[in-house]
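1. the following comprises the amino acid sequence and a computationally predicted model.
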Amino acid sequence: MILPAADFDKAERACKAFGCQPYFAIVVDAAGTIRVFITPTAHVLQLFPRRATGSGWKMTPSRLVEFARDPQIMMFELQVKSGRWWQ
C-alpha cells in the first residue's frame, strides 16, 4: 500500500497551521478483517522512508507481528462475520 507523497505535505501544513502533531491512520480492509493502524507521521517515515511517489506500508504477516509489538503504533481490528441474513 502506498501513502502518497502529497499526503505527507498536506498533513504537515495542516498540523503546522493548528499547532498539532501529524499522525496517520491507515485502514486496511481484507478478507473479513478491517485493521486500523494509528501512528505519528515521523514513525511512518522511520519505518518506510519517503520516496518521490510516497511511502509504502507493508502488510506482510511478519510486519503485522512487528506492528502489534510496536509501542508507537496503536492498532485495532474489526472482524466481519455475517450471521443469519435475509435471502
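-> Alright, I've got the coordinates. Numbering: from 1, shown residues only.

2. what's the average pLDDT for stretch 21-32?
-> Averaged across stretch 21-32, the pLDDT comes to 88.

3. how far does it sit from the chain's center?
-> Remark: stretch 21-32 is offset 4 Å from the chain centroid, using Cα atoms, centre = their mean, to the nearest Å.

4. only the buried residues of it, if you could.
-> For stretch 21-32, the buried set under the neighbour-count rule, 16 or more other Cβ atoms under 10 Å, comprises 22, 24, 26. (Each C-beta comes from the backbone N, C-alpha and C, glycine too.)

5. what residues does stretch 9-25 touch?
-> Applying Cβ atoms under 8 Å, 6 or more residues apart in numbering, the contact partners of stretch 9-25 are 3, 7-8, 36-42, 44.

6. neighbour-wise, which one of those residues leads?
-> Using other Cβ atoms under 10 Å as the neighbour test, the contacts of stretch 9-25 are led by V44, with 24 neighbours.

7. that one - nearest residue in space that isn't next to it in sequence?
-> F24 (5.3 Å; Cβ to Cβ, 6 or more residues apart in numbering).

8. what of L64?
-> R35 (7.9 Å).

9. the one you found belongs to a strand?
-> Yes. The assignment for R35 by DSSP: H, G, I helix; E, B strand; the rest coil puts it in a strand.

10. OK, contacts around the residue positioned nearest the centre of the chain?
-> Centroid-nearest residue in the chain: I26, 2.3 Å away (criterion: Cα atoms, centre = their mean). Listed by Cβ under 8 Å, 6+ apart, the contact partners of I26 are 1, 3, 36-39, 57.

11. quick one: the lengthiest helix in the chain to chain centroid distance?
-> In terms of residue count, the longest helix belonging to the chain (DSSP state H) is helix 5-18. In terms of Cα atoms, centre = their mean, the centre of helix 5-18 is found 16 Å from the chain centre.

12. ramachandran coordinates for R63?
-> Dihedral pair for R63: phi -70, psi -40, per degrees, to the nearest 10.
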